[in-house]
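Colleague: Fold the following.
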Amino acid sequence: MPFPIEAVRAAYPALSDGHAYLDGAAGTQVPRSVIDAIAGAYRAGLGNVGGAFPAAHRSDAIVAACRAAVADLVGGHPDGVILGPNMTTLTYRMAGALSRAWGPGDEVVLSRLDHDANVRPWVQTGATVRWAEVDPVTGELPVEQYARLIGPRTRLVAVTAAGNVLGTRPDVAAITALAHEAGALTYVDGVHATAHGPVDMRALGADFYATSAYKWSGPHVGAVVADPALLETIRPDKLASSPDTVPERFERGTAAFADLAGVSAAVDHLAGLVPGTGTRRERLLASMAAAEAHELELFGVLLAGLETLPHVTLYGKPARRTATAYFTVAGHTPREVAGQLAARGVNVWNGHNYAWELTGALGIREVGAVRAGLVHYNDRSDVDRLLDGVAQLREARR
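Modeller: Numbers count the residues shown, from 1 in each chain. Sure thing, here's the model as predicted:
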């Protein structure tokens with residue numbers, strides 16, 4: 001069955017402005033159902049959780065529904081879904097909590113592929129850092145190196161499920177298996193990966209799986225998902241008066257309840273990208289697999305087009321990747337390229353995109369490159385407009 005791209009695009013009001021939104025790797029647009037869910041929550045009236053009155057009960061229900069939705073999306077348990085403002089804040093919170101049990105000489109294994117939000121919080125715990133290096137030509141993160149990096153003092157291995165600029169999908173399951181053999185915990189950054197295909201955090205071997213809803217058509221809400229039994233063993237800093245239950249003990253302050261309603265709506269939207277039956281989890285797996293196939297088909301056109309342009313340099317050629325391209329254009333800074341494309345109604349990002357270690361390894365940290373990322377609502381016209389715009393940059397140089 002062909003991917004119903006016209007129906008998918010029609011669900012997104014923002015796409016009516018005529019721009020080619022190829023900036024999805026930095027944040028997606030939201031469908032009408034998400035906008036309506038957020039507005040509806042405010043319209044109905046909300047109170048803080050735990051109250052004796054109906055508005056508080058509505059917030060209680062919104063939180064529970066959000067946990068269930070995120071659990072369905074990633075293959076976790078609702079009672080293990082920690083909610084917060086974003087992945088970075090939650091990862092700092094988890095790093096602080098976990099490292100309280102670490103001592104001098106304890107180690108963490110980090111990768112140069114990762115977004116800095118899955119690097120700096122662990123570096124700043126003071127643990128000894130052992131680095132997994134990226135092949136600068138292919139953009140791959142070789143699994144073999146982890147056998148020598150992980151040892152008896154390893155307390156945690158942090159790795160991304162998909163690199164946010166090269167799109168590299170490392171063999172996370174093999175990496176986490178090595179970590180577990182050594183008795184280490186695993187923290188998998190799924191922020192970029194979750195939008196681009198089915199997710200099964202158990203199959204990945206993720207003790208902690210982090211994601212952000214604004215990367216998959218939701219509002220700015222982050223989540224970290226873990227086994228509730230594991231969370232029971234961790235004691236984060238918290239207010240004396242706040243709940244000590246799991247997962248609430250990890251959630252500081254009052255949540256943005258209307259946004260949480262939007263998260264549930266975003267998950268329901270993803271589950272319905274293609275017609276299907278079964279549980280929401282089953283529909284999500286089928287729907288996201290169809291979205292991934294659609295994105296990668298378009299990405300083949302995008303990559304082939306960029307590769308024919310002699311003034312374009314592409315970074316990375318991983319065997320398994322998301323539909324994310326990172327490139328430079330001769331004679332133009334990445335910012336100039338982004339500006340020229342914006343003038344043609346094509347939205348792309350430029351810079352290091354918080355891939356701090358990776359862009360350093362590639363030798364382009366100071367200026368970065370141009371990032372164009374496809375998501376499920378992009379179509380062939382978006383790709384063609386990008387390729388035409390980049391081709392015209394060569395003509396402008398002449």
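
Colleague: Surely residue 210 forms part of a strand?
Modeller: Yes: under DSSP: H, G, I helix; E, B strand; the rest coil, residue 210 falls within a strand.

Colleague: Could you report the separation of it from residue 45?
Modeller: Computed as Cβ to Cβ, to the nearest Å, the residue 210 to residue 45 distance reads 32 Å. C-beta here means a position set from N, CA and C on the backbone, and glycine is covered the same way.

Colleague: Residue 372 now?
Modeller: For residue 372, the distance to residue 45 equals 42 Å [Cβ to Cβ].

Colleague: More neighbours: those two, which one.
Modeller: Each of residue 372 and residue 45 has its neighbours counted (other Cβ atoms under 10 Å); residue 372 has more, 29 against 12.

Colleague: Three-state assignment for the more buried one, please.
Modeller: strand.

Colleague: Also residue 223?
Modeller: Residue 223 is classified as strand under three-state DSSP.

Colleague: What about it, how many residues nearby?
Modeller: Residue 223: 29 neighbours (other Cβ under 10 Å).

Colleague: Could you do the one 3 residues further on as well?
Modeller: In terms of burial, residue 226 registers 26 neighbours under the definition other Cβ under 10 Å.

Colleague: Regarding the closest residue to residue 303 other than its chain neighbours, what is its secondary structure?
Modeller: Leaving aside its sequence neighbours, residue 303 sits nearest to residue 325 (Cβ to Cβ, 6 or more residues apart in numbering; 6.5 Å). Assigned state for residue 325: strand (three-state reduction, three-state DSSP).

Colleague: and the lengthiest helix in the chain, how far from the chain's centre?
Modeller: The longest helix of the chain (DSSP state H) is helix 280-307. With Cα atoms, centre = their mean, to the nearest Å as the basis, helix 280-307 stands 16 Å off its chain's centre.

Colleague: Check which element follows that helix along the chain.
Modeller: Toward the C-terminus, helix 280-307 is succeeded by strand 312-314 as the next helix or strand (DSSP states H and E).

Colleague: what comes into contact with that following strand?
Modeller: The contact list for strand 312-314 (Cβ atoms under 8 Å, 6 or more residues apart in numbering) reads 303, 306, 307, 325, 326, 327, 328, 329, 330, 390.

Colleague: could you say what helices and strands the helix or strand of the chain with the lowest mean pLDDT packs with?
Modeller: When the helices and strands of the chain are scored by mean pLDDT, DSSP states H and E, helix 380-397 comes last with a mean of 90. Under the contact definition 3 or more Cβ pairs under 8 Å, 6 or more residues apart in numbering; DSSP states H and E, helix 380-397 sits against strand 20-21, helix 280-307, strand 324-329, helix 334-343, strand 346-347.

Colleague: and these as TSV, adding mean pLDDT and mean neighbour count?
Modeller: Below are the helices and strands packed on helix 380-397 laid out as TSV (pLDDT from 0 to 100; neighbours: other Cβ atoms under 10 Å):
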stretch	mean pLDDT	mean neighbour count
strand 20-21	98	22
helix 280-307	98	18
strand 324-329	98	24
helix 334-343	98	17
strand 346-347	98	20
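
Colleague: still on that earlier bit, the residue nearest to residue 303 and residue 387, how far apart?
Modeller: In terms of Cβ to Cβ, residue 325 sits 11 Å off from residue 387.

Colleague: can you list residues touching both of these two?
Modeller: Contacts common to residue 325 and residue 387, judged by Cβ under 8 Å, 6+ apart, are 302, 306.

Colleague: for the stretch 1-150 of the chain, which spans come out with low pLDDT?
Modeller: Judged by pLDDT under 70, the stretch 1-150 of the chain has no weakly predicted residues.

Colleague: again, only using 80
Modeller: In the predicted model of the stretch 1-150 of the chain, residues 1 satisfy pLDDT under 80.

Colleague: so what's residue 225 bridging to?
Modeller: On the basis of DSSP bridges, residue 225 is bridged to residue 81, residue 209.

Colleague: Tell me, how many residues neighbour it?
Modeller: Using other Cβ under 10 Å, residue 225 has 29 neighbouring residues.

Colleague: need the contact list for it.
Modeller: With Cβ under 8 Å, 6+ apart, residue 225 has these contacts: 70-71, 74, 76-77, 80-82, 201, 208-211.

Colleague: TSV please, covering the residues you listed and showing neighbour count and distance to residue 109.
Modeller: Formatted as TSV, those follow (neighbours: other Cβ atoms under 10 Å; distance: Cβ to Cβ, whole Å):
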residue	neighbour count	distance to residue 109
70	29	27
71	21	27
74	26	22
76	26	23
77	18	26
80	24	23
81	26	26
82	24	23
201	28	19
208	26	14
209	29	17
210	30	17
211	30	21
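
Colleague: Closest to residue 153 out of these?
Modeller: Of all those, residue 153 sits closest to residue 208, with 19.7 Å by Cβ to Cβ.

Colleague: I'd say that closest one and residue 188 touch.
Modeller: Yes: contact criterion Cβ atoms under 8 Å: residue 208 and residue 188 qualify, at 6.8 Å.

Colleague: Pull the number of nearby residues for the closest residue to residue 351 other than its chain neighbours.
Modeller: The shortest distance from residue 351 to any non-neighbouring residue, by Cβ to Cβ, 6+ apart, is to residue 368 (3.9 Å). Residue 368 sits with 21 neighbouring residues when counted by other Cβ under 10 Å.

Colleague: any idea how far residue 346 is from residue 368?
Modeller: 18 Å.

Colleague: how about residue 125, what does it touch?
Modeller: By Cβ under 8 Å, 6+ apart, the residues touching residue 125 are 95, 96, 98, 99, 102, 108.

Colleague: May I have the phi/psi pair for residue 231?
Modeller: Main-chain dihedrals, residue 231, degrees, to the nearest 10: phi -60, psi -30.

Colleague: Now residue 140: which helix or strand?
Modeller: Per DSSP H and E: residue 140 is located in neither a helix nor a strand.

Colleague: Neighbours of the residue lying closest to it once chain neighbours are set aside, how many?
Modeller: Spatially, and ignoring its direct neighbours in sequence, residue 140 is nearest to residue 318 (5.3 Å; Cβ to Cβ, 6+ apart). For residue 318, the count of nearby residues is 20 (other Cβ under 10 Å).
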